[in-house]
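In: One predicted model, sequence on top.
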Amino acid sequence: MPVAAFEQSASPAPTAPQAAAAAFDTSELVNAAHQLTAADLPRLQARAEMGEGRAQVLLGLAYEMGSADLMPQPSQALSWFLKAADQGITWLRKAVALSPDNTLYQAQLGQALAQVGQTDEAREILRQLHEISTRRYVSPYHMAYVYTGLGEQEQAMDWLERAYGERAGGIFGVKGSFLFTPLREHPRFKALLRKMNLA
């Protein structure tokens, strides 16, 4: 995907909850990264430096994998991925501030924080979710987000299996969710997909 097409596909500035809930289509970004040339970088880098998360991820992928005429540069890739993570965490914090009762945003913030090494804050969010669940329903699917981010795969699978048992919203999209990528090779995850006829 040339940069011009990528720019046209980017939506106007979303509200914080929309941005927090929106997932990047990683296959689209990987394909776009493979097609980038050195001539595309200045415009894309300008957008990324202005804080556009999709552009930051695209640059990270391009520098990680290399592309048509770009050699892989792991340090550049890491730098752009970290900027995108910071951008995502900022949006998730805004989403939580705007919708403090929304456990989806809280869980996704917890997962993101855990993935960038802010595990104390992620565990505090997890503690809050458990406490909220004593007063009202919290989707087990949301709990699985945070456990996945923390790398606690068995606990994440316990919650995903519980989500399936309860037919909790979101569970039927688990196969395509990039948020559960770390679980994809786990035997229990594969078994869950088979049970759901998604394997």
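Out: Okay, I see it.

In: after the helix or strand of the chain with the lowest mean pLDDT comes which helix or strand?
Out: Least confident helix or strand, the chain: helix 16-21 with a mean of 32, by mean pLDDT, DSSP states H and E. Using DSSP states H and E, the helix or strand that follows helix 16-21 towards the C-terminus is helix 26-35.

In: so after that next one, what's the next helix or strand?
Out: helix 41-49.

In: wait, what's in contact with L29?
Out: 54, 57-58, 61 (CB atoms under 8 Å, 6 or more residues apart in numbering). In this view, the C-beta of every residue, glycine as well, is placed from N, C-alpha and C.

In: By neighbour count, which of those wins?
Out: L58 (27 neighbours; other CB atoms under 10 Å).

In: distance of E49 from P182?
Out: 29 Å (CB to CB, to the nearest Å).

In: now the helices for this protein?
Out: 3-9, 16-21, 26-35, 41-49, 53-65, 74-98, 103-115, 119-132, 140-149, 153-166, 187-195 (DSSP state H).

In: could you list every residue that touches the residue nearest to S139 when sequence neighbours are not counted?
Out: Spatial nearest neighbour of S139, chain neighbours left out: A168 (4.7 Å); criterion: CB to CB, 6 or more residues apart in numbering. A168 makes contacts with 139-141, 162, as judged by CB under 8 Å, 6+ apart.

In: R123: which of those is nearest?
Out: P140 (17.8 Å; CB to CB).

In: Between E49 and P182, tell me which one has more neighbours.
Out: Shown here are E49 and P182; by other CB under 10 Å, P182 has more neighbours (15 against 12).

In: wait, that one sits on T148?
Out: Yes. Assessed by CB atoms under 8 Å, P182 is found in contact with T148 at 5.8 Å.

In: tell me which of the contacts of A168 is nearest to A33?
Out: Using CB to CB, these come closest to A33 at Y141, 29.5 Å.

In: hmm, back to that, select, out of the helices of the chain, the one closest to G176.
Out: helix 26-35 (9.9 Å).

In: so for that closest one, what's the average pLDDT?
Out: Averaging pLDDT along helix 26-35 gives 76.

In: That one vs helix 41-49, what angle?
Out: Orientation check (axes from the mean of the first three to the mean of the last three CA atoms, to 10 degrees): helix 26-35 against helix 41-49 gives 140 degrees.
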